[in-house]
Structures are given as C-alpha cells and as structure tokens.
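[1] Need a 3D model of the following:
(2 chains)
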Number of protein chains: 2
Amino acid sequence: MNLVLGRPMIAREPWIEARTEEIRDTLLAALPHTHHHAELQNFYQHLKDYPLRGGKMLRGRLLLLSTEAHGANYLRGLPCAAALELFQNWVLVHDDIEDGSEERRGAPALHQKIGMPLAVNVGDALHVYMWQLLLDQPRPATPRLDAILDEFLTMIHRTAEGQHLDLTWIRDGCFDIGESEYLEMVTLKTAFYTVVSPLRLGAMCADSDVAAVFQSAGEALGVAFQIRDDVLNLTPAPRYGKEFAGDLYEGKRTAILAHFFATATAGERDEAISVLSKPRHQKTGADVEALLQLLAKCGSLQYAQRLAETHAQKGLASLRQGLEGLPDQIAARKLLGLLETLTSRSQ
Amino acid sequence: MNLVLGRPMIAREPWIEARTEEIRDTLLAALPHTHHHAELQNFYQHLKDYPLRGGKMLRGRLLLLSTEAHGANYLRGLPCAAALELFQNWVLVHDDIEDGSEERRGAPALHQKIGMPLAVNVGDALHVYMWQLLLDQPRPATPRLDAILDEFLTMIHRTAEGQHLDLTWIRDGCFDIGESEYLEMVTLKTAFYTVVSPLRLGAMCADSDVAAVFQSAGEALGVAFQIRDDVLNLTPAPRYGKEFAGDLYEGKRTAILAHFFATATAGERDEAISVLSKPRHQKTGADVEALLQLLAKCGSLQYAQRLAETHAQKGLASLRQGLEGLPDQIAARKLLGLLETLTSRSQ
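    Modelled structure (predicted):
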C-alpha cells in the first residue's frame, strides 16, 4: 500500500479535540494578557500568534497519553504538556527565521509579518514563559519536578545541537550528506523533543520510573516522524500545513536527498546541486519540478518512505515492550496508535 | 567638570580583576567543552565566543558586592553572578542580530562571523545553559533558589518588553520619541538586568530580605547607566568597546535624540530624520558628522549627560538608605563606588 498517497485520512476523535484544546488553553493561560502600554499589548499578542494558529499539539498529547499509561490522571501532565508545546512554538519562531521560511501553518511566518528583529525577541520571550510555566508548578503536586526540569534542559540542548548541524550544512552548501550523518542530525534535532522527551516526561509527571527503552524507541520513532515529514513535504496534499516542496526551496537536507546523492550519476548530482545551491528567491517552479523529477528517477521518495517505515516498526516494537505491564493499557494502546499514525501519517 | 571627556581613567584594582576572572571561570565551567563530533565541538566553541571576549562582568560584580554587603561570603553569589553574565551574553548575541550591529567588544559581532542563522541558535543554547547553571544549584546551599529563579523570570520578561519597544520604534521609523517614553523603554530594557536585579539577587544569595528601595534606586541608576552609555557612544574614546557613533548608524533611540527632537527647529528635525532613516549601509561618515553637529548645536549631549547625573544622584541617595545598617559596610561602600563609576564612567 502506498502510504504516501493512499492512506485514508484519520477522522479526529472528539476526545483528541478536547485534549488539544486543553493543552492550548493551558499554554495560553501561561502567557501574559493585558498591558496598559498599547505597544506592549501588541507584544503580548505576538506571543500568542503561533499558539493561536492551531497546531495539532502532537507532542503534548503524546506526553499526556504517557502520563495516563503510567497510571496517573492526564491532568497531572497538563502543565508539562503545555510547556512542551511552548517549546515547540518558540523553536518554530526561531527556526522560521533561521531557515528563511515563508509560511507556517498556512499563514506567513512570524518574521514575515512583524520583521526579523521583533520575531527573534518574541521567540526569546516565549522561551522564558516556557520556563515560567514549569517553575510555577507546586512541588508537592509534582514530586519529580527536578527530573522534569533536567529533561527539558537535555531536550533543548540536543535540539540546538541538531539545529546547529543542519544550519551549518546549509550555510556551507554541503548537500552530499550521508544517510548516517542525516540520521544523527535528525535524532538530535527532532527525535528528542518529538518522542523521547514526551514519553519520558509523561512517566515523570505520573511520578513513575522511566523505562530505559523509551530512549531508543523514541529515537527510532522520532527519526521515522521526521523522514515522514520530509516525504510529505514533497507530496502534494491539501491539508499539509507547510508550502509544497518548501524543503527544496529552502535547500533543506533530508533523507530523500541523502538517498539521491548516494545513487544519482555525477551529472544528475551536479544538476541537483546547481539548483539546490541557488538562493531561495532565485529558485523557479521549473527548477523545483526538475529536482522532483531527478528524485523520482532515483526512487528517492520511495526509499525514504521505506526508511521511515523501518524505523517506525523498530521503534514501535521496542515501545510495546516498554509499555507492557504499565497500569493503564487502554492509554498505552492509544499512545502506540498515535505514534503509528504520526510515523505513517498522510497529513 | 566635564565627565564625558575629563574624568580620569580608573585603574582596575587587583581584587576587581580577580572577581572578574572568577565570574568568567564559573560561567565558562557551566558551558560544555568537548564533543566527539567535530562540528558540535565548533558549536561549543561558538557558545564561548562572547564570554571569551573579555567583558567587564559589571552586573556579576554588582551582585557579588550586594551579597557581601548583606553579610555573606561572595562565593555564595558566584553561580548566580555567572548566570547573570550568561544572560548578558545570550542577549548580546540576539541584540546584535536584531540591531544589525557590526562589532561587539572590538571584534565582529557573532552573526557577522558565523552567519545569522547559526548565531540565533547559539543565543538560544546560551539561554538554556543560563537556566541550567541556576537549576544546578543545590537547594540546601541556596535556600532562596525559588526567589532567585523568579527574579530571573521577571528580569528577562522586562528586558524583552523594553527590547520590543525599542525595536518597534526602529522598525516603524519613529524617531520623535519623547523623553518619558525613552525613560520607560530603558527602565525595562536596561535598568532591570543592569542594576535592579543584581542588587536584589545579591540579597537573595545571602539569604537576606530584599530592601524595597532597591527597586526605585536600581531603576534610577540603570537609567543613568544607559544614558551614560548613549553619551559615550557619541564621544570618541580609545577604550570604549563599541564602534564610535554606532548608535547613529543603527538609528538607535537615545536620550540625546529625545532632547534633540524636543528642541530642534522643524528644518533641523527633517534633516536629522532624512539621515537617521537611511539604512545603515547607506549612511556615510559625512551623514553621521552632520548629525553630530546638529546634536552639538542643540546641546543634546550635554543635556543627556546632565540627565544621567540627575538620575545617578537620585539613585545613589536612595541606595545609600537601602544599604544603611547592612552587616558589611565596606562592601556596601564598594557597591556604591562601583555604581557611581558606572553611571559617570568615561570608558
């Protein structure tokens, strides 16, 4: 079955909508609302810009399911889930600047709306409100707060390291990245905050031990998620929130390109590099179309799709083991189901 | 006495050098050192770039003197002083990007060296290491750690709000800023992290109550410090670390410009705006010279200098009251001396 194009849309269940709303409400409640100074009122509005664009709160929902699977009420994980989504939001504001992105969630990226300098500052402020939300948790109700804070520190360090690798390749025009280098980068940049930390934080919020296998399972699933995201970016689809083929316009390193450079002829590689190395605004639709044809010729999208599936299957198998014996097996199955969807999603 | 040009250079005493080194060593020890991945080793080196440029650690030294004045050994304030300087460093990395600055501490700004995208990411990583340094403090040795963390949250919020006002004026080409608007902006942007929070954090590190007067005294002294910085920027001096008249090239709003716009003729204002509103790289040396002559004609530098002195005197008088009766009066006098120097410094 062609998962890229053939997977049916999964209808959002009401309880998922409710969870998403609860996380967003907790996140928004952690941000400041009114200021007597009109311009600072505008600033407070900018802080809410990305959170109000309706993200899916995937990472927060993962965290809440992990909390439940470990036997606690999901409400105990709610502030932490909202902080994780705040992390996602400030990182996106800064990522969009770093990558020169045009759009985010179907609207202009924040720096395109308010200018780069103000947007850098908005990202910094959101970063601080993330810490505030965590630090405001009463310790008696959150006995493992220190472990949670440590997890956030580690998660952000690894994400920034992965981002550094990615940005350095872009800056230096390195397109010929090997698959293992690519996987090392996305493990740091994506897998930690997307799967490893949500799984671990959920256990901590439930005041439970953290299964060691969450680390390797989360890395495999996070990598599968990112490769899937790379594949979706080059797959026309009406409900995908980013611009079609934006990764090619931005010259982003992906598993798809890693496969292409490992298999293409010297002439094809030169052709691809000549297009990829153009500044974003000099790339034409025809350029990107030519790239897509080169990738198709090498079967790079299909290869990346299989690579995502391999990592997803490996990660899901490990995670099943890690979840065995946890108190709430209904939540554990929902958690597995969500990760299965995320790593083979069609939207 | 003309404090701008006439104040003698103050010889740095050996104990001040030693404190500066201790703060820097503590800061550097909180950053990561080695990574097996060569490119991540480079990343770790970038994190140390600004800290290794030899800042004066003014805010950290203020904090340590406040700790001592409150009767504790300065070592109890050392991690907090280093975290405050880490704050200063990540803010400078991002500020330099936001302001399009060319130089920092006599060398190219970080984004000029490694590119804007990587530098945004370096600032974010430094921000996280700041929190890590604070959170790593053992609670028994730092009984008021929660108050210290709260102070950092408030300090960063206010700094980001002040930065937002400043950046918005620059973006929107608002040059005609009134003095009260300017003072509101610099109170938020500079006074909190430069004086208010160092004074308050020093007391917290000593496990002492925080005198209420530190707030107003710190605001007045922080404002005096910033106006003095604005004046120094337009005063040629061999040891000032930033480029001469960089504020005019960057179109930065200052107390000097606020006075100019309140006193100049309509023709002079138009002339100034036509130069100030040019993009940085279109401003010539002759443009900036013409601006300096307009400011001189209106006596705006002298006015700003007097304004700094008024705020400094008011702040020092309040602070003297706040320090009365504290256990270590030798440290209290050193603290007052440092703030007196900072608010009328010639370097």
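[2] show me the contacts for the residue of the stretch 101-250 of chain A found nearest chain B.
    Closest to chain B within the stretch 101-250 of chain A is residue A:117: 3.7 Å, counting by Cβ to the nearest Cβ. (C-beta placed from N, C-alpha, C; glycine too.) Residue A:117 sits next to B:97, B:98, B:99, B:167, B:170, B:171 when contact means Cβ atoms under 8 Å, 6 or more residues apart in numbering or on different chains.
[3] Could you measure from the residue of chain A most remote from its centre over to chain B?
    Distance from the C-alpha centroid of chain A, by Cα atoms, centre = their mean, peaks at residue A:36 (35.6 Å). Distance, residue A:36 to chain B, using Cβ to the nearest Cβ, to the nearest Å: 11 Å.
[4] ok, now which ones touch that residue?
    Counted by Cβ under 8 Å, 6+ apart, residue A:36 has zero contacts.
[5] Likewise for residue A:39?
    So residue A:39 contacts B:164, B:165, B:168 (Cβ under 8 Å, 6+ apart).
[6] Between those residues, which sits nearest residue B:308?
    residue B:165 (19.9 Å; Cβ to Cβ).
[7] what number of residues lie near the closest one?
    Using other Cβ atoms under 10 Å in any protein chain shown, residue B:165 is surrounded by 23 other residues.
[8] Name the SS class of the residue farthest from the centre of chain A, please.
    Each residue gets one of three states, and residue A:36 gets coil by DSSP: H, G, I helix; E, B strand; the rest coil.
[9] what ranges do the strands span in the stretch 101-250 of chain A?
    A:103-104, A:107-108 (DSSP state E, counting those that start in this stretch).
[10] Tabulate the ones you listed in JSON lines, adding columns for mean pLDDT and mean neighbour count.
    Output for the strands of the stretch 101-250 of chain A, formatted as JSON lines (pLDDT from 0 to 100; neighbours: other Cβ atoms under 10 Å in any protein chain shown):
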{"stretch": "strand A:103-104", "mean pLDDT": "90", "mean neighbour count": "18"}
{"stretch": "strand A:107-108", "mean pLDDT": "96", "mean neighbour count": "14"}
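[11] Would you convert those strands into TSV that also reports distance to residue B:292?
    Listed next are these as TSV, based on distance: least, Cβ to Cβ, whole Å:
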stretch	distance to residue B:292
strand A:103-104	43
strand A:107-108	39
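[12] Among those, which comes closest to residue A:333?
    Comparing the strands of the stretch 101-250 of chain A by Cβ to Cβ, strand A:103-104 comes nearest, at 32.5 Å.
[13] which other helices and strands contact the closest one?
    Secondary-structure packing of strand A:103-104 (3 or more Cβ pairs under 8 Å, 6 or more residues apart in numbering or on different chains; DSSP states H and E): no helix or strand packs against it.
[14] so which helix or strand takes in the closest residue in space to residue A:216 that isn't next to it in sequence?
    Of all residues not flanking residue A:216 in the chain, residue A:318 sits nearest, at 5.8 Å (Cβ to Cβ, 6 or more residues apart in numbering or on different chains). Taking DSSP states H and E as the criterion, residue A:318 maps to helix A:300-323.
[15] Now do that helix, average pLDDT.
    Helix A:300-323 carries an average pLDDT of 96.
[16] could you point out which element follows it?
    helix A:329-343.
[17] Other residues contacting that following helix?
    By Cβ under 8 Å, 6+ apart, helix A:329-343 touches A:10, A:58, A:61-62, A:65-66, A:68-69, A:195, A:221, A:224-225, A:228, A:308-309, A:311-312, A:315-316, A:319-320, A:323, A:326.
[18] and if we set it to 7 Å?
    With contact meaning Cβ atoms under 7 Å, 6 or more residues apart in numbering or on different chains, helix A:329-343 is reached by A:10, A:58, A:61-62, A:65-66, A:68-69, A:221, A:224-225, A:228, A:308, A:312, A:316, A:319-320, A:323, A:326.
[19] Out of those, which end up buried?
    A:58, A:61-62, A:65-66, A:68-69, A:221, A:224-225, A:228, A:308, A:312, A:316, A:319, A:323, A:326 (16 or more other Cβ atoms under 10 Å in any protein chain shown).
[20] For residue A:34, which residues are in contact?
    Residue A:34 makes contacts with residue A:41, as judged by Cβ under 7 Å, 6+ apart.
[21] Quick check: buried residues in the helix ranked longest in chain A?
    Scanning chain A for the helix with the most residues, using DSSP state H, yields helix A:145-171. The neighbour-count check on helix A:145-171 (16+ other Cβ under 10 Å) flags A:145, A:147-149, A:151-170 as buried.
[22] circling back: which one of the contacts of residue A:39 sits closest to chain A?
    The closest of those, once distances to chain A are taken by Cβ to the nearest Cβ, is residue B:164, at 4.4 Å.
[23] ok, now which ones touch the closest one?
    If you count contacts by Cβ under 7 Å, 6+ apart, residue B:164 has them with A:40, A:43, A:118, A:121.
[24] Then residue A:89?
    The contact partners of residue A:89, by Cβ under 7 Å, 6+ apart, come to A:50, A:51, A:126.
[25] Of those, which is the most crowded?
    residue A:126 (28 neighbours).
[26] Compute the number of surrounding residues for the residue lying closest to that residue once chain neighbours are set aside.
    What sits nearest to residue A:126 in space, not counting adjacent residues and going by Cβ to Cβ, 6+ apart, is residue A:90, at 3.7 Å. By the criterion of other Cβ under 10 Å, residue A:90 has 23 neighbours.
[27] same deal with residue A:260?
    Around residue A:260 there are 26 other residues, counting by other Cβ under 10 Å.
[28] what helix or strand does it sit in?
    Assigned by DSSP H and E, residue A:260 falls in helix A:255-263.
[29] quick one: that helix to chain centroid distance?
    Relative to its parent chain, helix A:255-263 has a centroid offset of 22 Å by Cα atoms, centre = their mean, to the nearest Å.
[30] Send over the helix or strand just after it as PDB, restricted to the C-alpha atoms.
    Next along the chain after helix A:255-263, taking DSSP H and E as the criterion, comes helix A:266-276. The C-alpha trace of helix A:266-276 is given here as PDB (Å, rounded to 0.1, in the frame of the first residue of the first chain):
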ATOM      1  CA  ALA A 266      27.700  12.500 -11.400                       C
ATOM      2  CA  GLY A 267      25.800  14.600 -14.000                       C
ATOM      3  CA  GLU A 268      22.500  14.300 -12.000                       C
ATOM      4  CA  ARG A 269      24.200  15.300  -8.800                       C
ATOM      5  CA  ASP A 270      25.800  18.400 -10.400                       C
ATOM      6  CA  GLU A 271      22.400  19.300 -11.900                       C
ATOM      7  CA  ALA A 272      20.700  19.000  -8.500                       C
ATOM      8  CA  ILE A 273      23.400  20.900  -6.700                       C
ATOM      9  CA  SER A 274      23.200  23.700  -9.200                       C
ATOM     10  CA  VAL A 275      19.500  24.200  -8.400                       C
ATOM     11  CA  LEU A 276      19.700  23.500  -4.700                       C
END
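[31] Packing partners of whichever helix or strand comes after helix A:266-276?
    Following helix A:266-276 in sequence order, the next helix or strand is helix A:285-298 (DSSP H and E). In this structure, helix A:285-298 packs against helix A:246-250, helix A:255-263, helix A:266-276, with contacts taken as 3 or more Cβ pairs under 7 Å, 6 or more residues apart in numbering or on different chains; DSSP states H and E.
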